[in-house]
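Enquirer: Here is a sequence with its predicted model. Questions after.
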Amino acid sequence: RLYQIPFEMPDCESESETHTLHLVGDFSAPAEFFVTLGVFSFLYAMAALVLYLRFHSLYGENKKLPFADFCVTVCFAFFWLVAAAAWGKGLTDVKAATWPASLIAAMAVCQGQEVVCNAGATPAMGLANISVVR
């Protein structure tokens, strides 16, 4: 929900005034889907572990239970692939929206003829990239 994050930019004509700039984009849906699927996968894995260890005889005797377990696992694997792809696209969009060059281009202050604007630092996105790879 980048649109909720304001940041102040100076006004070159008067030093006391600032303008508020809001970022563009709402990329929360892919992130929420990714996290929700991760939580449900964890809960299913814990339930399956209890079933395998505590009720091993029930799992071995019933022929439909292993097939149902296989089907649920295949569904989780498919949705995990979809969620990772969606989060990867969402992260790419977040990077594009928060890249210093795009932020500088959005600032009216930096559009003047003799104004030189540059970013103080490039954002570190290493941990976000690792979240997509996992």
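Expert: Looks like it came in fine. Numbers count the residues shown, from 1 in each chain.

Enquirer: how near is Phe76 to Val116?
Expert: In this view, Phe76 and Val116 are 52 Å apart by C-beta to C-beta, to the nearest Å. C-beta here means a position set from N, CA and C on the backbone, and glycine is covered the same way.

Enquirer: When those two are compared, which one has more neighbours?
Expert: Phe76 (16 against 6; other C-beta atoms under 10 Å).

Enquirer: can I assume the more buried one sits in a strand?
Expert: No: counting by DSSP: H, G, I helix; E, B strand; the rest coil, Phe76 is not part of a strand but helix.

Enquirer: Surely it is in contact with Tyr44?
Expert: Yes: shown here, Phe76 and Tyr44 form a contact pair, counting by C-beta atoms under 8 Å, at 6.5 Å.

Enquirer: quick one, what contacts the residue positioned nearest the centre of the chain?
Expert: Closest to where the C-alpha atoms of the chain average out (C-alpha atoms, centre = their mean) is Ala31, at 3.7 Å. By C-beta atoms under 8 Å, 6 or more residues apart in numbering, the contact set of Ala31 is Trp87, Gly90.

Enquirer: tell me the average confidence for the host helix or strand of Ala29?
Expert: In this assignment (DSSP states H and E), Ala29 forms part of helix 28-54. Per-residue pLDDT over helix 28-54 has a mean of 90.

Enquirer: ranges for the strands of the chain?
Expert: Ranges of strands in the chain, per DSSP state E, are 6-10, 18-22.

Enquirer: Just the buried positions in stretch 77-86, please.
Expert: Ala83, Ala84, Ala86 (16 or more other C-beta atoms under 10 Å).
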